[in-house]
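Undergrad: Need coordinates for the following:
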Amino acid sequence: MPPARPTLRTGIEEVDPRHALDVPRLEACLRAELEEFEGILDVRQFVGGQSNPTYLLSDGTRSWVLRRKPPGKLVSSAHATDREFRVLSALAGTDVPVPRVRFYCDDEAVIGTEFYVMDRVEGRILVDQTLPDWTPTERRALYDSQLDVLAALHRVDFQAVGLDDYGKPGNYFARQVHVWSKQYTASQAEPDERCASMERLMEWLPENIPADETTTIVHGDFGLNNLMLHPTEPRIAAALDWELSTLGHPFADVTYHLSARLFPTSPFQDFDEAGLRAAGLPTQDEYVAGYCARTGRDGISDLDWYLAFHLFRTAGIMFGIAGRAKAGTANSDQARSLGASAVPLADRALEFARALGA
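TA: Below is the predicted model of the structure:
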């Protein structure tokens, strides 16, 4: 019997008591920072994310979105709301659709952690990337739009928009393997929690990195769940959740979606290539070709290494979520079920690595 697919909720609800805000202090801050703020502050919370708690703010007439670091003890490199704010500010005015950011607050006395506020972009967040109930024409249009946005991001001159020090050019994958190895290790409190597949990948991946040092801005989490869709049309209205963005290799973003198709619980597992084409969903080869056509590349060599890396990376993220769920700091009740996917993801990554000689 195949593993159950975790159900991710999206939407807006009352604020989780674990992430409650000091509303009067926040309202005073908003009045000082937003000239147009009037009325009485109402705060609700978006559900579905696993990282930085996100809130809908309203004064009865207008609305904004607040992103904050979660409360509690955190991994030092995680939940970088300041980096999100910086990259969103830099991308304003480029061909990459992003929300307009309004201000950043590093005064933890306001709501207990650092946060930033941005304009709300109206639209839809979709979790199932096979887009059930859509027509083949609509699916093709949305994936074309996704690739348009990704190609636009990778064409941005990061030096011209002031992000030349946003990351370290070169050695991106070596640094990424180190980061997620460190997170995995930190999440394993007991020796008997160690994962054999992760341990082997931590040795093999850095020794077999493809020799390509292309550097662009990378989003780091470029799935449909982090893209705001137009309310009615099959196109992207805004790219969200830039917490993992940095300067890095563009193939990391390209293969992010392709690796997600390989998850044991992915709905893409229900499709063969003929089924994908009939449904209007790009095959792996078509997705790569579409990206390369938009960016002037001939193709992506070493694709299997990049897929092994991404599955490893996602496993590292899930191990981190599992560790935070155990510690009581995870951002949703879905954290435990997501954390349970860590080992199968690591095992799948090792399958790709073994095909390459690991």
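Undergrad: mind listing the helices in the stretch 101-250 of the chain by residue range?
TA: Read by DSSP state H, counting those that start in this stretch, the stretch 101-250 of the chain holds these helices, from start to end of the chain: 136-155, 172-187, 196-204, 250-260.
Undergrad: Same list (those helices) but as JSON lines, adding mean neighbour count, distance to S341 and mean pLDDT.
TA: No exception for glycine: its C-beta is placed from N, CA and C like everyone else's. Listed next are these as JSON lines, based on neighbours: other Cβ atoms under 10 Å; distance: least, Cβ to Cβ, whole Å; pLDDT from 0 to 100:
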{"stretch": "helix 136-155", "mean neighbour count": "19", "distance to S341": "23", "mean pLDDT": "98"}
{"stretch": "helix 172-187", "mean neighbour count": "19", "distance to S341": "14", "mean pLDDT": "90"}
{"stretch": "helix 196-204", "mean neighbour count": "19", "distance to S341": "13", "mean pLDDT": "95"}
{"stretch": "helix 250-260", "mean neighbour count": "23", "distance to S341": "12", "mean pLDDT": "92"}
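Undergrad: How is the protein partitioned into domains?
TA: According to the domain assignment given by automatic domain parsing, the chain is divided into the following structural domains: 11-119, 136-355.
Undergrad: what mean pLDDT would you report for the shortest one?
TA: Predicted confidence along domain 11-119 averages 90 (mean pLDDT).
Undergrad: if we can go back for a sec, is it possible to export the domains of the chain to JSON lines including distance to Q129?
TA: JSON lines is the format used below for the domains of the chain (distance: least, Cβ to Cβ, whole Å):
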{"stretch": "domain 11-119", "distance to Q129": "14"}
{"stretch": "domain 136-355", "distance to Q129": "5"}
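Undergrad: ok, M202 - contacts?
TA: Residues in contact with M202, defined by Cβ atoms under 8 Å, 6 or more residues apart in numbering, are 177, 181, 184.
Undergrad: With respect to P206, which of those is nearest?
TA: Relative to P206, the closest of the contacts of M202 is V177; by Cβ to Cβ it sits at 5.0 Å.
Undergrad: top helix in this protein by residue count?
TA: Counting residues, the longest helix found in the chain (DSSP state H) is helix 303-327.
Undergrad: Show me which positions of stretch 85-97 end up buried.
TA: By neighbour count, and taking 16 or more other Cβ atoms under 10 Å as the criterion, the buried residues in stretch 85-97 are 85-91, 94, 96-97.
Undergrad: Out of these, name the ones that lie in helices.
TA: The helices, defined by DSSP H, take in 85-91 from these.
Undergrad: tell me what the longest helix of the chain is packed against?
TA: Helices and strands touching helix 303-327, as assessed by 3 or more Cβ pairs under 8 Å, 6 or more residues apart in numbering; DSSP states H and E, comprise helix 172-187, helix 196-204, helix 250-260, helix 335-339, helix 342-355.
Undergrad: so which of the ones you listed gets nearest A274?
TA: helix 250-260 (18.1 Å).
Undergrad: what's the spacing between the closest one and its chain's center?
TA: Computed by Cα atoms, centre = their mean, to the nearest Å, the separation of helix 250-260 from the middle of its chain amounts to 11 Å.
Undergrad: helices or strands next to it in the packing?
TA: helix 136-155, helix 172-187, strand 216-218, helix 284-295, helix 303-327.
Undergrad: how many degrees apart are the first one and helix 250-260 in direction?
TA: Taking axes from the mean of the first three to the mean of the last three Cα atoms, to 10 degrees, one finds that helix 136-155 is oriented at 150 degrees with respect to helix 250-260.
Undergrad: Could you list every helix and strand that helix 136-155 packs against?
TA: Using 3+ Cβ pairs under 8 Å, 6+ apart as the contact test, the elements touching helix 136-155 are strand 216-218, strand 227-229, strand 236-239, helix 250-260, helix 273-279, helix 284-295.
Undergrad: Could you do the fourth one as well?
TA: With contacts defined as 3+ Cβ pairs under 8 Å, 6+ apart, helix 284-295 has these neighbours: helix 136-155, helix 250-260.
Undergrad: what angle sits between the first one and helix 284-295?
TA: Between helix 136-155 and helix 284-295, the angle formed by their directions is 50 degrees, by the same axes, to 10 degrees.
Undergrad: And for the last one?
TA: Here helix 250-260 runs at 160 degrees with respect to helix 284-295, directions being taken by the same axes, to 10 degrees.
Undergrad: hmm, back to that, Throw the contacts of M202 into TSV and include distance to R200, thanks.
TA: Output for the contacts of M202, formatted as TSV (distance: Cβ to Cβ, whole Å):
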residue	distance to R200
V177	13
S181	12
Y184	12
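Undergrad: V343 - nearest residue in space that isn't next to it in sequence?
TA: The shortest distance from V343 to any non-neighbouring residue, by Cβ to Cβ, 6 or more residues apart in numbering, is to C195 (5.5 Å).
Undergrad: tell me the secondary structure for the nearest residue to E14 once chain neighbours are set aside?
TA: Nearest-residue entry for E14: R44, 6.3 Å, with adjacent residues in sequence omitted and distances by Cβ to Cβ, 6+ apart. Per DSSP: H, G, I helix; E, B strand; the rest coil, the local secondary structure of R44 is strand.
Undergrad: Next one: R44 relative to H257, how far apart?
TA: Here R44 is placed at a distance of 30 Å from H257 (Cβ to Cβ, to the nearest Å).
Undergrad: dump the residue contacts of the closest residue to G357 other than its chain neighbours.
TA: Excluding its sequence neighbours, the residue lying closest to G357 (Cβ to Cβ, 6+ apart) is N208, at 7.9 Å. Neighbouring residues of N208 by Cβ under 8 Å, 6+ apart: 305, 356-358.
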